[in-house]
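*Asks:* this one's structure only:
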C-alpha cells in the first residue's frame, strides 16, 4: 500500500464543522465569473430592449412610489427630492432582494446541475451575488444621473457627503447580508419546504421593515421605530442615501452593529450550507 | 496490485423511502419528542437491504451496503447490474453529488464525472459560451478551456454553428458538443454513466475510441456504467456486478457479463413460474412456456431455419377483464441484445379479449424459421392490456439454435459474423476491361 497522504480526494460521510473549503472555492473562481456572465447574458437574450430592462423597472417603480407614498400618503423624504429618495432606496433594496431570492432558491433552481456534477455549491450563490452586482452598477448609473440632474439644478438640498468613501463598504455589506440570509434560508428549504413559501412574502414584508419608502427619522419617535434598529439593512440604506445627498443621518453605531451582524449571519450561513450541501440531493 | 487510484472502504448509503420533504418537520419534532421521553423513535427504524421487488417494513433502505474495493490506476472498470442495484448511487458517491452514510473513499487526482453530458448547458447561450460554462462546471480553469477550445470544436464537428444558441442545435449536435467538452477534461479519474447511448453510430465509435485512448494511452482510470453489454465488453478489462446494493462479483469482464445474464434469466433450469419478474401486477402470470419442434416434440434447441412453435400458458390469478390483451415474446442474444420482437399485435388478426370467467390463456406462436446463427438465446415474455403490465419475465426461457440448412443450399454451417442471417442471391462477373 502506498502512502495514504497521496490521496488528494477523500470523501467522508461528514466534514468538519468549520471546514469551509475556501481553497476549493478559490480553485473554482472562474466558474463564479462564467456563471455570473451566463445569468446576465441569458436573461436578456431575445428581448428587444436587452439590458435596458435593468433601468425600466426602477424608473417605473419610482414613478409609482412618488405617486402612492409621496403624493397620496405624504411620507417624508427627509428633505430630499422624491425621485432621489425613492431611487436611492430601491436601487440598493433591489440588490438585496434579488440576491436574496436567487440565493434562497439555489438548491431548487440548480438541482439539475447539482445532481450530476460536483463543485463547491457556494459557487452558485456567489455567482448570483456577482451578476446582481452588475445590475446594481447599471442602476446606480441611473441614480447618479438623476442626482446629477438635481445638482445641476443647483438644488441646495443635495451635496455629496465626505463619507462617500463608504460606498464600496455599503455594497459589500449588502452583498454579504443577502448571501448570508439567502444561504441560511436555502439550507433550510432543502429539507423543510415550508420556508419556500416564506421567501416570497418575506421579502416584500422585509421591505416595509427597511427604510426604503420612508426615512428612519420619520419612525424614530414612533413605537416600532426602535424595532427598526434591529434590522441590519436599515443603516446600510440610510447611509447610502446620506453619502450621496448629505441629508438624513449617518449612524456609525448602527452601521457597526449591522456590519457585525452581517459577518455573523454569513459565517452561520456558510457552516449550515456546508452541512446541507453534502446530502441535499437525497432530500431535494 | 499496489497502486490503486481509488479505494472504497465500507461504503454504505442509506435512503429514506416514500414522501421526503412533506411532513418531515412534524416527524422530526415528533421523533425528537419520542427521544425526549426516552422511547424509540418510530421514524428511524433499521434500514433493510435494497430489493425493490419486495415491500419492506422500514422506511429506510440501504442503497449500498458495505462496499469495499479498489481500482488500479489505468484500469477501465465496468459496473453492471439490474435497475436499482445501486450503480447510480455508487457513481453519485464517487462524483461527490451526495455523501456516503458510512465509509471513506480515497482517490488520487481529479475526479470528473459524466453522469450526463452537457450538464449546465444553457439553451440560450451559443455553443462557444456553453463550452466555457460546461467546462468550468466540470472543474476546468478558463485558460485550460481556451487552450483546448479548437480541439473541442473540431472533435464535436460543429464549427459552423459555434456562435448559434444551442437550442437551435439538433439533438445529435448537442450531444456531440457536450461529449467533446467532457472528453477533453483530462481528469485522472473519469466516471461515465451510459452517456454513450446517445448519438449516431459513427459518434459512438468515436466516443468509445476516445475513452480507450484516455485509459490506455494516458494511464487514466475510468469507471463505466452501462446496460449495453457490448460496449462494456469492448471497453472494460474488469467488471463489477452489483446486486441489491452489494458487489456480487468483481472479475474479468467476460465472466461477470455472463454471470449477470444468468442472474436475470431462469436459464432453462428454473421453471418459468418461479423465474424472477421484471415488472407486472401479478393479475396474469406466465406459468409455462415451451418450445416444440416441427414434429411437435418438446425441445430446448431448434435448427437454424427450421420451423418451430412457442407454446405458453398464462394463468389468470385475479379475475381480469380486458378487451384486448397484448402478448409479446422477444428473443435476445447472450449479450442481452434484443434481436427479434414477436407480438400478438402483428401476428394475430383480431383481439384477445378475456372476460370474468376466464381462468387461463394459452398462446401458440408459430415461427417458420429463425434467421439467427448458432448460439444461445433467451426469450422474454410480456403481457399487458396496453396500459397495465400484468407480467414481464426477462429472459424467461432459454433456446439454443443449432446449425441448420437456413440457406437451403445443403451447407449447415452458417456464418456467425453477423447477428442475424439473411438470404441473398448473388451474381458475380469477372471482366477484363
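*Replies:* Thanks, I have the structure now. Since the structure is predicted, the reported quantities are computational estimates derived from the model, not experimental observations.

*Asks:* Name the residue of the stretch 51-200 of chain A that lies nearest to chain B.
*Replies:* In the stretch 51-200 of chain A, no residue comes nearer to chain B than residue A:118, which is 3.7 Å away by CB to the nearest CB. C-beta: built from backbone N, CA, C; applies to glycine.

*Asks:* Pull up the gap between that residue and residue B:67, please.
*Replies:* Using CB to CB, to the nearest Å, residue A:118 is found at 19 Å from residue B:67.

*Asks:* Stretch B:170-185 near chain A at all?
*Replies:* No. Taking CB under 8 Å from any CB of the partner chain as the criterion, stretch B:170-185 and chain A are apart, separated by no less than 10.3 Å.

*Asks:* Residue nearest the middle of chain B, spatially speaking?
*Replies:* The centre of chain B sits closest to residue B:227, judged by CA atoms, centre = their mean, with a distance of 2.5 Å.

*Asks:* Quick check: the gap between that residue and chain A.
*Replies:* Per CB to the nearest CB, to the nearest Å, residue B:227 is found 18 Å from chain A.

*Asks:* How about residue B:339?
*Replies:* Distance, residue B:339 to chain A, by CB to the nearest CB: 33 Å.

*Asks:* Check the secondary structure at that residue for me.
*Replies:* Taking DSSP: H, G, I helix; E, B strand; the rest coil as the rule, one finds residue B:339 in the strand state.

*Asks:* list the contacts for it?
*Replies:* Residue B:339 is in contact with B:331, B:332, B:333, B:372, B:377, B:419, B:420, counting by CB atoms under 8 Å, 6 or more residues apart in numbering or on different chains.

*Asks:* if we go to 6 Å?
*Replies:* With contact taken as CB atoms under 6 Å, 6 or more residues apart in numbering or on different chains, residue B:339 is in contact with B:331, B:333.

*Asks:* what's the following helix or strand after the helix or strand bottoming out on mean pLDDT in chain B?
*Replies:* Every helix and strand of chain B was ranked by mean pLDDT, DSSP states H and E. The lowest is strand B:48-49, at a mean of 56. Proceeding C-terminally, strand B:48-49 gives way to strand B:60-72 as the next helix or strand, assigned by DSSP states H and E.

*Asks:* Just the angle for the following helix or strand past that following strand relative to strand B:60-72, thanks.
*Replies:* Using DSSP H and E, the helix or strand that follows strand B:60-72 in sequence is strand B:76-81. Inter-element angle recorded for strand B:76-81 and strand B:60-72: 160 degrees (by axes from the mean of the first three to the mean of the last three CA atoms, to 10 degrees).

*Asks:* State the mean pLDDT of strand B:76-81.
*Replies:* Averaging pLDDT along strand B:76-81 gives 88.

*Asks:* Same question for stretch A:31-49: list its buried residues.
*Replies:* Across stretch A:31-49, burial judged by 16 or more other CB atoms under 10 Å in any protein chain shown covers A:31, A:32, A:33, A:34, A:35, A:36, A:37, A:38, A:39, A:40, A:41, A:42.

*Asks:* Go through those and name the one nearest residue B:245.
*Replies:* residue A:31 (33.5 Å; CB to CB).

*Asks:* Chain B versus that closest one, what's the distance?
*Replies:* Applying CB to the nearest CB to residue A:31 and chain B gives a distance of 4 Å.

*Asks:* can you tell me which residues contact the residue nearest in space to the middle of chain A?
*Replies:* Most central in chain A under CA atoms, centre = their mean is residue A:96, positioned 2.5 Å from the mean C-alpha point. Shown in contact with residue A:96 (CB under 6 Å, 6+ apart): A:174, A:178.

*Asks:* what about it, which helix or strand?
*Replies:* helix A:82-104.

*Asks:* what's the offset of that helix from the middle of its chain?
*Replies:* 8 Å (CA atoms, centre = their mean, to the nearest Å).

*Asks:* Could you identify the helix or strand that succeeds it?
*Replies:* Using DSSP H and E, the first helix or strand after helix A:82-104 is helix A:106-109.

*Asks:* so residue A:46 is in which element?
*Replies:* Using DSSP H and E, residue A:46 falls outside every helix and strand.

*Asks:* gap between it and residue A:128?
*Replies:* With CB to CB as the criterion, residue A:46 and residue A:128 are 22 Å apart.

*Asks:* Can you give me the neighbour number for residue A:162?
*Replies:* Using other CB atoms under 10 Å in any protein chain shown, residue A:162 has 10 other residues around it.

*Asks:* Likewise for the one 3 residues further on?
*Replies:* One way to gauge burial is a neighbour count; for residue A:165, by other CB under 10 Å, it gives 9.

*Asks:* what kind of secondary structure is it in?
*Replies:* helix.

*Asks:* confidence score at it?
*Replies:* On the pLDDT scale, residue A:165 gets 88.

*Asks:* go on, residue B:247?
*Replies:* At residue B:247, pLDDT is 88.

*Asks:* Now it, what are its backbone angles?
*Replies:* phi -80, psi 110 (degrees, to the nearest 10).

*Asks:* Now look at the helix ranked longest in chain B and say if it contacts chain A.
*Replies:* Counting residues, the longest helix found in chain B (DSSP state H) is helix B:142-156. Yes. Judged by CB under 6 Å from any CB of the partner chain, helix B:142-156 and chain A are in contact via residue B:142.

*Asks:* Stretch B:114-121 too?
*Replies:* Yes. Residues of stretch B:114-121 are located near chain A by CB under 6 Å from any CB, namely B:115, B:116, B:119, B:120.

*Asks:* Give me the residues contacting that stretch.
*Replies:* Applying CB under 6 Å, 6+ apart, the contact partners of stretch B:114-121 are A:113, A:116-117, B:130, B:133-134, B:137, B:166, B:175, B:178-179, B:182, B:192-193, B:195.

*Asks:* Ok, stretch A:99-111 next?
*Replies:* With contacts defined as CB under 6 Å, 6+ apart, stretch A:99-111 is touched by A:124-125, A:128-129, A:132, A:178-179, A:181-183, A:185-186, A:190, A:199, A:280, A:284.

*Asks:* Just the ones of the residues you listed in helices?
*Replies:* Applying DSSP H to the contacts of stretch A:99-111, the entries found in helices are A:124-125, A:128-129, A:132, A:178-179, A:181-183, A:185-186, A:190, A:199, A:280.
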